[in-house]
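> give me a 3D structure for the following:
(one chain, ligands or ions: 1)
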Amino acid sequence: MAGIYIHVPFCKQKCTYCDFASYPRELSKAESYFACLYREIQGRAKQYPNKIIDTVYIGGGTPSVVDANLIAGAIRQVKKCFTVKKDAEITIELNPGTVDEQKIKLYKQVGINRFSIGLQTGFDEQLKKLNRIHTAKDFLQCCNLLKGENISADVLIGLHDQTLEQVKKTVDLALAGGVSHISVYALTPEVGTPIYTDYLNGELLSDDETADVYDGVRAYLKEKGFERYEVSNFAKAGFRSRHNMNYWKRGEYIGVGVSASSFVDGRRFTNTFKIDEYINAVIYNKSPEISSDVIEGSDAQFEQIMLALRTSDGLNIKEFNQNFSVDFDNEYKEVLAKKMRFMERKGDILTIKDEYLYVQNDIILEFMK
Ligand code: SF4
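Numbering: from 1, shown residues only. You can find the predicted model right below:
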(Lines give C-alpha, C1' and ligand atoms only; values in the text may rest on other atoms or scores of the structure.)
Protein backbone atom coordinates (compact mmCIF):
# COMPACT_ATOMS: atom_id res chain seq x y z
CA MET A 1 0.00 0.00 0.00
CA ALA A 2 1.35 3.44 -0.86
CA GLY A 3 0.36 7.11 -0.76
CA ILE A 4 0.64 9.78 -3.43
CA TYR A 5 1.49 13.39 -2.64
CA ILE A 6 0.81 16.08 -5.25
CA HIS A 7 2.40 19.50 -4.67
CA VAL A 8 0.72 22.67 -5.92
CA PRO A 9 3.28 25.48 -5.52
CA PHE A 10 1.01 28.50 -5.97
CA CYS A 11 -0.41 30.96 -3.44
CA LYS A 12 -2.14 34.32 -3.59
CA GLN A 13 0.43 35.94 -1.35
CA LYS A 14 3.23 34.82 0.93
CA CYS A 15 2.50 34.38 4.65
CA THR A 16 5.16 35.95 6.87
CA TYR A 17 6.25 32.61 8.35
CA CYS A 18 6.17 30.55 5.16
CA ASP A 19 9.20 28.55 4.13
CA PHE A 20 7.36 26.15 1.79
CA ALA A 21 7.79 25.88 -1.95
CA SER A 22 5.02 28.34 -2.82
CA TYR A 23 5.31 31.12 -5.36
CA PRO A 24 2.67 33.88 -5.34
CA ARG A 25 3.90 35.49 -8.55
CA GLU A 26 3.90 32.32 -10.66
CA LEU A 27 0.18 31.56 -10.89
CA SER A 28 0.22 32.20 -14.65
CA LYS A 29 2.30 29.01 -14.98
CA ALA A 30 -0.40 26.83 -13.41
CA GLU A 31 -1.60 25.26 -16.68
CA SER A 32 1.86 24.29 -17.93
CA TYR A 33 2.74 23.11 -14.43
CA PHE A 34 -0.27 20.80 -14.26
CA ALA A 35 0.43 19.46 -17.75
CA CYS A 36 3.84 18.43 -16.39
CA LEU A 37 2.30 17.00 -13.21
CA TYR A 38 0.05 14.75 -15.30
CA ARG A 39 3.12 13.61 -17.21
CA GLU A 40 5.11 12.94 -14.06
CA ILE A 41 2.19 10.95 -12.60
CA GLN A 42 2.14 8.80 -15.74
CA GLY A 43 5.93 8.36 -15.60
CA ARG A 44 5.98 7.42 -11.91
CA ALA A 45 3.18 4.90 -12.50
CA LYS A 46 5.30 3.24 -15.20
CA GLN A 47 8.33 3.31 -12.90
CA TYR A 48 6.36 1.76 -10.02
CA PRO A 49 3.62 -0.30 -11.70
CA ASN A 50 2.74 -2.55 -8.78
CA LYS A 51 1.94 0.00 -6.11
CA ILE A 52 -1.59 -0.01 -4.75
CA ILE A 53 -2.61 3.51 -3.77
CA ASP A 54 -4.45 3.89 -0.48
CA THR A 55 -4.22 7.67 0.01
CA VAL A 56 -3.76 10.75 -2.17
CA TYR A 57 -2.88 14.14 -0.68
CA ILE A 58 -2.94 17.40 -2.63
CA GLY A 59 -0.93 19.96 -0.71
CA GLY A 60 0.95 23.15 -1.27
CA GLY A 61 1.09 26.02 -1.57
CA THR A 62 -2.60 26.56 -1.94
CA PRO A 63 -4.19 23.89 -4.13
CA SER A 64 -7.54 25.67 -3.94
CA VAL A 65 -6.11 28.79 -5.61
CA VAL A 66 -5.89 27.13 -9.04
CA ASP A 67 -8.75 26.26 -11.40
CA ALA A 68 -10.56 23.26 -9.87
CA ASN A 69 -10.47 21.54 -13.28
CA LEU A 70 -6.68 21.28 -12.96
CA ILE A 71 -7.06 19.54 -9.60
CA ALA A 72 -9.76 17.26 -11.00
CA GLY A 73 -7.42 16.42 -13.89
CA ALA A 74 -4.67 15.41 -11.44
CA ILE A 75 -6.98 13.08 -9.52
CA ARG A 76 -8.31 11.55 -12.74
CA GLN A 77 -4.75 11.02 -13.93
CA VAL A 78 -3.80 9.26 -10.69
CA LYS A 79 -6.83 7.00 -10.99
CA LYS A 80 -6.07 6.29 -14.63
CA CYS A 81 -2.38 5.50 -14.18
CA PHE A 82 -2.29 3.78 -10.76
CA THR A 83 -4.41 1.16 -9.02
CA VAL A 84 -6.27 3.27 -6.48
CA LYS A 85 -8.25 1.53 -3.75
CA LYS A 86 -12.01 2.12 -3.87
CA ASP A 87 -12.07 3.53 -0.35
CA ALA A 88 -8.89 5.59 -0.77
CA GLU A 89 -8.57 8.68 1.41
CA ILE A 90 -8.17 11.67 -0.94
CA THR A 91 -7.32 14.96 0.79
CA ILE A 92 -6.98 18.49 -0.50
CA GLU A 93 -5.60 21.48 1.40
CA LEU A 94 -7.83 24.54 1.25
CA ASN A 95 -7.15 28.15 2.09
CA PRO A 96 -10.33 29.93 3.17
CA GLY A 97 -10.99 32.77 0.78
CA THR A 98 -10.07 30.71 -2.30
CA VAL A 99 -13.01 28.30 -2.38
CA ASP A 100 -16.56 28.44 -3.68
CA GLU A 101 -19.46 26.07 -4.18
CA GLN A 102 -18.43 25.10 -7.72
CA LYS A 103 -14.91 24.17 -6.69
CA ILE A 104 -16.11 22.02 -3.79
CA LYS A 105 -18.67 20.33 -6.03
CA LEU A 106 -16.00 19.37 -8.55
CA TYR A 107 -13.58 18.22 -5.83
CA LYS A 108 -16.25 15.89 -4.47
CA GLN A 109 -17.21 14.66 -7.93
CA VAL A 110 -13.68 13.40 -8.59
CA GLY A 111 -13.56 11.62 -5.24
CA ILE A 112 -11.88 14.06 -2.85
CA ASN A 113 -13.25 13.04 0.54
CA ARG A 114 -11.13 14.90 3.07
CA PHE A 115 -10.58 18.66 3.34
CA SER A 116 -7.73 20.20 5.29
CA ILE A 117 -8.24 23.90 5.96
CA GLY A 118 -5.45 26.30 6.94
CA LEU A 119 -7.14 28.22 9.75
CA GLN A 120 -4.01 29.02 11.84
CA THR A 121 -5.82 31.36 14.25
CA GLY A 122 -9.37 32.54 14.84
CA PHE A 123 -8.25 36.14 15.39
CA ASP A 124 -8.34 38.47 12.38
CA GLU A 125 -5.60 40.74 13.71
CA GLN A 126 -3.25 37.79 14.06
CA LEU A 127 -4.22 36.51 10.60
CA LYS A 128 -3.43 39.94 9.16
CA LYS A 129 -0.09 40.06 10.92
CA LEU A 130 0.76 36.66 9.40
CA ASN A 131 -0.28 38.02 5.95
CA ARG A 132 -2.92 35.32 5.64
CA ILE A 133 -5.49 36.12 2.96
CA HIS A 134 -8.57 35.20 4.98
CA THR A 135 -10.56 36.07 8.08
CA ALA A 136 -12.14 33.87 10.75
CA LYS A 137 -15.50 34.42 9.01
CA ASP A 138 -14.04 33.10 5.73
CA PHE A 139 -13.08 29.93 7.61
CA LEU A 140 -16.65 29.40 8.78
CA GLN A 141 -17.98 30.06 5.28
CA CYS A 142 -15.56 27.50 3.91
CA CYS A 143 -16.76 24.96 6.51
CA ASN A 144 -20.33 25.77 5.60
CA LEU A 145 -19.65 24.73 2.02
CA LEU A 146 -18.23 21.47 3.38
CA LYS A 147 -21.07 20.56 5.77
CA GLY A 148 -21.05 16.84 6.60
CA GLU A 149 -17.61 16.28 5.06
CA ASN A 150 -14.43 15.06 6.76
CA ILE A 151 -12.72 18.35 7.67
CA SER A 152 -9.38 19.05 9.34
CA ALA A 153 -8.03 22.42 10.48
CA ASP A 154 -4.44 23.60 10.99
CA VAL A 155 -3.77 25.77 14.04
CA LEU A 156 -0.53 27.65 14.77
CA ILE A 157 0.85 28.28 18.25
CA GLY A 158 3.73 30.47 19.38
CA LEU A 159 2.45 33.65 17.66
CA HIS A 160 3.09 37.20 18.88
CA ASP A 161 1.62 37.59 22.40
CA GLN A 162 -0.67 34.62 21.78
CA THR A 163 -2.45 33.35 24.87
CA LEU A 164 -3.80 29.90 25.67
CA GLU A 165 -7.28 31.44 25.84
CA GLN A 166 -6.91 32.63 22.24
CA VAL A 167 -5.84 29.18 21.09
CA LYS A 168 -8.81 27.63 22.90
CA LYS A 169 -11.12 30.09 21.13
CA THR A 170 -9.49 29.14 17.84
CA VAL A 171 -10.24 25.50 18.64
CA ASP A 172 -13.83 26.49 19.46
CA LEU A 173 -14.10 28.16 16.06
CA ALA A 174 -12.78 25.02 14.37
CA LEU A 175 -15.31 22.92 16.30
CA ALA A 176 -18.09 25.29 15.29
CA GLY A 177 -16.99 24.63 11.70
CA GLY A 178 -17.51 20.88 12.25
CA VAL A 179 -13.91 19.66 12.11
CA SER A 180 -13.05 16.15 13.27
CA HIS A 181 -9.27 16.54 13.03
CA ILE A 182 -6.96 19.34 14.21
CA SER A 183 -3.24 19.77 13.62
CA VAL A 184 -1.49 22.04 16.11
CA TYR A 185 1.87 23.25 14.84
CA ALA A 186 4.37 25.35 16.75
CA LEU A 187 5.52 28.26 14.64
CA THR A 188 9.10 27.72 13.47
CA PRO A 189 10.74 31.02 12.53
CA GLU A 190 12.92 30.07 9.56
CA VAL A 191 15.87 32.23 8.55
CA GLY A 192 14.93 34.45 5.61
CA THR A 193 11.20 34.66 6.40
CA PRO A 194 9.79 38.05 7.52
CA ILE A 195 8.75 36.59 10.87
CA TYR A 196 12.36 35.70 11.63
CA THR A 197 13.00 39.39 12.37
CA ASP A 198 10.14 39.36 14.88
CA TYR A 199 11.72 36.27 16.43
CA LEU A 200 15.11 38.01 16.71
CA ASN A 201 13.36 40.99 18.30
CA GLY A 202 11.84 38.67 20.92
CA GLU A 203 8.29 39.39 19.75
CA LEU A 204 7.22 35.75 19.48
CA LEU A 205 6.45 33.41 22.37
CA SER A 206 9.54 31.73 23.80
CA ASP A 207 9.91 27.94 23.47
CA ASP A 208 8.80 27.47 27.09
CA GLU A 209 5.76 29.70 26.65
CA THR A 210 4.83 27.83 23.46
CA ALA A 211 5.23 24.50 25.28
CA ASP A 212 2.83 25.73 27.97
CA VAL A 213 0.28 26.75 25.33
CA TYR A 214 0.71 23.34 23.68
CA ASP A 215 0.05 21.54 26.99
CA GLY A 216 -3.04 23.68 27.55
CA VAL A 217 -4.47 23.07 24.11
CA ARG A 218 -3.68 19.35 24.32
CA ALA A 219 -5.74 19.12 27.52
CA TYR A 220 -8.51 21.20 25.97
CA LEU A 221 -8.72 19.02 22.89
CA LYS A 222 -8.84 15.93 25.10
CA GLU A 223 -11.84 17.43 26.91
CA LYS A 224 -13.46 17.93 23.53
CA GLY A 225 -13.02 14.27 22.61
CA PHE A 226 -9.93 14.54 20.42
CA GLU A 227 -7.24 11.88 20.79
CA ARG A 228 -3.63 12.97 20.26
CA TYR A 229 -2.28 10.31 17.92
CA GLU A 230 0.90 12.16 16.92
CA VAL A 231 2.83 15.07 18.43
CA SER A 232 0.93 17.67 16.38
CA ASN A 233 -2.18 15.76 15.38
CA PHE A 234 -5.49 15.28 17.19
CA ALA A 235 -8.53 13.43 15.89
CA LYS A 236 -11.97 12.27 16.90
CA ALA A 237 -12.30 8.47 16.84
CA GLY A 238 -12.09 7.20 13.28
CA PHE A 239 -10.72 10.45 11.85
CA ARG A 240 -6.95 10.01 11.94
CA SER A 241 -5.23 11.06 8.71
CA ARG A 242 -4.46 7.81 6.91
CA HIS A 243 -2.02 9.61 4.63
CA ASN A 244 0.07 10.88 7.52
CA MET A 245 -0.18 7.61 9.43
CA ASN A 246 1.47 5.98 6.42
CA TYR A 247 4.43 8.41 6.74
CA TRP A 248 4.86 7.60 10.41
CA LYS A 249 4.66 3.88 9.78
CA ARG A 250 7.49 4.34 7.27
CA GLY A 251 5.16 3.33 4.49
CA GLU A 252 5.86 4.09 0.85
CA TYR A 253 4.72 7.26 -0.92
CA ILE A 254 5.27 8.83 -4.29
CA GLY A 255 5.53 12.61 -4.41
CA VAL A 256 4.95 14.50 -7.65
CA GLY A 257 5.58 18.14 -8.47
CA VAL A 258 7.96 20.80 -7.24
CA SER A 259 9.74 19.98 -3.95
CA ALA A 260 7.82 16.73 -3.54
CA SER A 261 9.59 13.91 -1.70
CA SER A 262 9.11 10.20 -2.20
CA PHE A 263 10.01 7.01 -0.40
CA VAL A 264 9.75 3.96 -2.63
CA ASP A 265 11.58 0.63 -2.60
CA GLY A 266 13.92 1.86 0.15
CA ARG A 267 14.90 5.01 -1.78
CA ARG A 268 14.15 8.57 -0.66
CA PHE A 269 14.21 11.22 -3.35
CA THR A 270 13.15 14.84 -3.75
CA ASN A 271 12.21 16.93 -6.77
CA THR A 272 13.60 20.36 -7.60
CA PHE A 273 12.15 23.35 -5.73
CA LYS A 274 12.13 25.54 -8.85
CA ILE A 275 9.03 25.62 -11.06
CA ASP A 276 10.88 26.39 -14.33
CA GLU A 277 13.46 23.72 -13.66
CA TYR A 278 10.68 21.22 -12.95
CA ILE A 279 8.75 22.10 -16.11
CA ASN A 280 11.89 21.89 -18.26
CA ALA A 281 12.91 18.54 -16.78
CA VAL A 282 9.51 16.97 -17.39
CA ILE A 283 9.14 18.41 -20.91
CA TYR A 284 12.57 17.11 -21.93
CA ASN A 285 12.01 13.70 -20.30
CA LYS A 286 14.66 14.27 -17.68
CA SER A 287 14.33 13.47 -14.01
CA PRO A 288 13.13 16.39 -11.83
CA GLU A 289 14.91 14.82 -8.83
CA ILE A 290 17.65 16.80 -7.10
CA SER A 291 18.51 14.26 -4.43
CA SER A 292 18.25 10.52 -4.01
CA ASP A 293 19.38 8.25 -1.17
CA VAL A 294 18.95 4.58 -0.51
CA ILE A 295 18.18 4.26 3.18
CA GLU A 296 19.51 1.10 4.78
CA GLY A 297 21.14 -0.34 7.88
CA SER A 298 21.24 1.85 10.97
CA ASP A 299 19.77 4.83 9.05
CA ALA A 300 16.66 2.82 8.21
CA GLN A 301 16.42 1.60 11.81
CA PHE A 302 16.69 5.16 13.14
CA GLU A 303 14.00 6.36 10.73
CA GLN A 304 11.63 3.68 11.93
CA ILE A 305 12.27 4.55 15.59
CA MET A 306 12.03 8.30 15.03
CA LEU A 307 8.76 8.11 13.10
CA ALA A 308 7.09 5.57 15.39
CA LEU A 309 7.99 7.35 18.63
CA ARG A 310 6.24 10.53 17.39
CA THR A 311 2.94 8.66 17.53
CA SER A 312 0.77 7.41 20.36
CA ASP A 313 0.87 3.93 18.74
CA GLY A 314 4.62 3.90 19.42
CA LEU A 315 7.22 1.43 18.18
CA ASN A 316 6.32 -2.23 17.80
CA ILE A 317 9.55 -3.89 18.90
CA LYS A 318 8.60 -7.35 17.62
CA GLU A 319 7.98 -5.93 14.13
CA PHE A 320 11.18 -3.89 14.35
CA ASN A 321 13.21 -6.99 15.20
CA GLN A 322 11.62 -8.88 12.31
CA ASN A 323 12.15 -6.02 9.81
CA PHE A 324 15.81 -5.52 10.63
CA SER A 325 16.79 -8.96 11.96
CA VAL A 326 18.09 -7.44 15.20
CA ASP A 327 17.41 -7.62 18.91
CA PHE A 328 16.17 -4.11 19.77
CA ASP A 329 16.71 -4.47 23.53
CA ASN A 330 20.29 -5.50 23.09
CA GLU A 331 21.07 -3.08 20.25
CA TYR A 332 19.77 -0.03 22.15
CA LYS A 333 20.37 -1.13 25.76
CA GLU A 334 22.43 1.96 26.65
CA VAL A 335 19.84 4.42 25.32
CA LEU A 336 17.08 2.50 27.01
CA ALA A 337 18.92 2.60 30.32
CA LYS A 338 19.45 6.35 29.95
CA LYS A 339 16.06 7.41 28.64
CA MET A 340 13.59 4.76 29.80
CA ARG A 341 12.16 7.09 32.46
CA PHE A 342 10.68 9.18 29.63
CA MET A 343 9.20 6.14 27.93
CA GLU A 344 6.70 3.41 28.57
CA ARG A 345 6.73 -0.24 27.52
CA LYS A 346 3.61 -2.38 27.27
CA GLY A 347 4.44 -5.81 25.87
CA ASP A 348 6.09 -5.19 22.51
CA ILE A 349 5.03 -1.55 22.28
CA LEU A 350 7.40 1.25 23.24
CA THR A 351 5.99 4.79 23.50
CA ILE A 352 7.16 8.12 24.81
CA LYS A 353 5.18 9.06 27.92
CA ASP A 354 2.35 11.44 27.17
CA GLU A 355 3.87 14.33 29.11
CA TYR A 356 7.17 14.12 27.18
CA LEU A 357 5.80 13.69 23.66
CA TYR A 358 6.12 17.42 22.84
CA VAL A 359 9.85 17.30 23.65
CA GLN A 360 10.43 13.92 21.99
CA ASN A 361 13.31 15.13 19.81
CA ASP A 362 15.93 14.97 22.55
CA ILE A 363 14.84 11.46 23.48
CA ILE A 364 14.66 10.21 19.90
CA LEU A 365 18.07 11.62 18.92
CA GLU A 366 19.68 9.30 21.46
CA PHE A 367 18.76 6.38 19.17
CA MET A 368 20.88 7.78 16.34
CA LYS A 369 24.04 5.76 15.62
S1 SF4 B 1 -0.85 29.72 2.29
FE2 SF4 B 1 0.55 28.16 3.08
S3 SF4 B 1 1.97 27.73 1.41
FE4 SF4 B 1 0.91 29.65 0.90
S5 SF4 B 1 2.26 31.25 1.63
FE6 SF4 B 1 0.81 30.82 3.28
S7 SF4 B 1 1.81 29.26 4.57
FE8 SF4 B 1 2.90 29.35 2.61
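> so for this structure, which residue is the most central one in space?
The chain has residue 244 as the residue nearest its centroid, 6.6 Å off, counting by C-alpha atoms, centre = their mean.
> any idea how far residue 189 is from residue 35?
Computed with C-beta to C-beta, to the nearest Å, the distance linking residue 35 and residue 189 is 36 Å. (C-beta placed from N, C-alpha, C; glycine too.)
> among these two, which residue is more densely surrounded?
Between residue 35 and residue 189, counted using other C-beta atoms under 10 Å, the more crowded position is residue 189 (19 against 14).
> so the more buried one is in contact with residue 199, correct?
Yes: look at residue 189 against residue 199 with C-beta atoms under 8 Å: they come within range, at 3.7 Å.
> near the ligand, which residues of this protein?
11, 14, 15, 18, 20, 22, 60, 61, 62, 95, 118 (C-beta under 6 Å from any ligand atom).
> buried subset of those residues as a ChimeraX selection?
The ChimeraX selection below is limited to those of the residues of the chain next to the ligand classed as buried (16 or more other C-beta atoms under 10 Å):
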select :11,15,18,20,22,60,61,62,95,118
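> which of the residues of the chain next to the ligand fall within strands?
Residues of the residues of the chain next to the ligand located in strands (DSSP state E): 60, 118.
> tally of neighbours for the nearest residue to residue 319 once chain neighbours are set aside?
The shortest distance from residue 319 to any non-neighbouring residue, by C-beta to C-beta, 6 or more residues apart in numbering, is to residue 348 (7.7 Å). For residue 348, the count of nearby residues is 14 (other C-beta under 10 Å).
> who touches residue 348 in this structure?
Taking C-beta atoms under 8 Å, 6 or more residues apart in numbering, we find residue 348 in contact with 316, 317, 318, 319.
> wouldn't the first one be in contact with residue 309 here?
No: with contacts counted by C-beta under 8 Å, residue 316 stays clear of residue 309, the gap being 11.4 Å.
> neighbour-wise, which of these two wins?
Between residue 316 and residue 309, residue 309 has the larger neighbour count (other C-beta under 10 Å), namely 22 against 18.
> who are the contact partners of the more buried one?
Counted by C-beta under 8 Å, 6+ apart, residue 309 has contacts 315, 350, 351, 352, 360, 363, 364.
> repeat that with 6 Å
315, 352, 364 (C-beta atoms under 6 Å, 6 or more residues apart in numbering).
> and it, what pLDDT?
Looking at residue 309, its pLDDT reads 96.
> what about it, distance to residue 367?
Going from residue 309 to residue 367 by C-beta to C-beta gives 8 Å.
> swap in residue 355?
Distance from residue 355 to residue 367, by C-beta to C-beta: 20 Å.
> same deal with residue 34?
Taken as C-beta to C-beta, the span from residue 34 to residue 367 is 41 Å.
> cool, residue 294 as well?
Distance from residue 294 to residue 367, counting by C-beta to C-beta: 20 Å.
> give me phi/psi at residue 254?
phi -120, psi 120 (degrees, to the nearest 10).
> rewinding a little: mind checking which of the contacts of residue 309 land in strands?
Using DSSP E, these in strands are 315, 352.
> what is the nearest of the contacts of residue 309 to the ligand?
residue 364 (26.2 Å; C-beta to the nearest ligand atom).
> contacts only, for the closest one.
306, 309 are the contacts of residue 364 under C-beta under 6 Å, 6+ apart.
> same thing but at 7 Å, please
Contacts were defined as C-beta atoms under 7 Å, 6 or more residues apart in numbering; by that measure residue 364 touches 305, 306, 309.
> could you look up the SS state of residue 144?
Here residue 144 is helix, with the state taken from DSSP: H, G, I helix; E, B strand; the rest coil.
> how close does it get to residue 42?
37 Å.
> care to break this protein down by domain?
Domain ranges of the chain: 2-247, 297-365, per automatic domain parsing.
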